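> When you get a sec, could you give me coordinates for this:
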Amino acid sequence: MHSVANDGRAVVHVAGQLDVAGAAPLRRELVRLADADVSDVLVDLTAVTFIDSTGVGVLVGGLKRFRGTGGRLELVVDDARVLRVLRIAGLLRTFTIHASVEQALAAEV
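Numbers count the residues shown, from 1 in each chain. The predicted structure follows:
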């Protein structure tokens, strides 16, 4: 996982499994960004191969953290399996979801 600033927006690239072990680094990064007063975060999940309830919980917690300070957290998802987990969790309407990082960065606020 790594983060980059792109046109005033933090993009967090996540790879591998977003489960009990893999979710902790994402949680730490989201907290770090919030503590650094970053308010616009895009989490790129295109390289995620598996997500479970722990990973979903970290995403929801991050969303609450950023929305609570007037910011936003959006997702990039291009994998049907990851979308299915988000759909089952009832989160497709909760998160703004983009098909690509490029599309998300081009979208107007």
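
> list the contacts for residue 75?
42-43, 45, 59, 86, 95-98 (CB atoms under 8 Å, 6 or more residues apart in numbering). C-beta here means a position set from N, CA and C on the backbone, and glycine is covered the same way.

> Check whether it sits in a helix, strand or coil.
Three-state call for residue 75 (DSSP: H, G, I helix; E, B strand; the rest coil): strand.

> Equivalent analysis for residue 67, please.
Put simply, residue 67 is helix when judged by three-state DSSP.

> Report how many residues lie close to it.
12 (other CB atoms under 10 Å).

> Also the one 4 residues further on?
For residue 71, the number of neighbouring residues by other CB under 10 Å comes to 17.

> do the same with residue 54
Residue 54 has 18 nearby residues by other CB under 10 Å.

> again, but for residue 44
If you count neighbours by other CB under 10 Å, residue 44 ends up with 24.

> Report pLDDT for it.
We have a pLDDT of 97 for residue 44.

> Shouldn't it be within a helix?
No: checked against three-state DSSP, residue 44 lies outside a helix; its state is strand.

> separation between it and residue 73?
Separation of residue 44 from residue 73 (CB to CB, to the nearest Å): 12 Å.

> Kindly report the same for residue 35.
Distance of residue 35 to residue 73, given as CB to CB: 15 Å.

> Ok, residue 43 next?
Distance, residue 43 to residue 73, using CB to CB: 7 Å.
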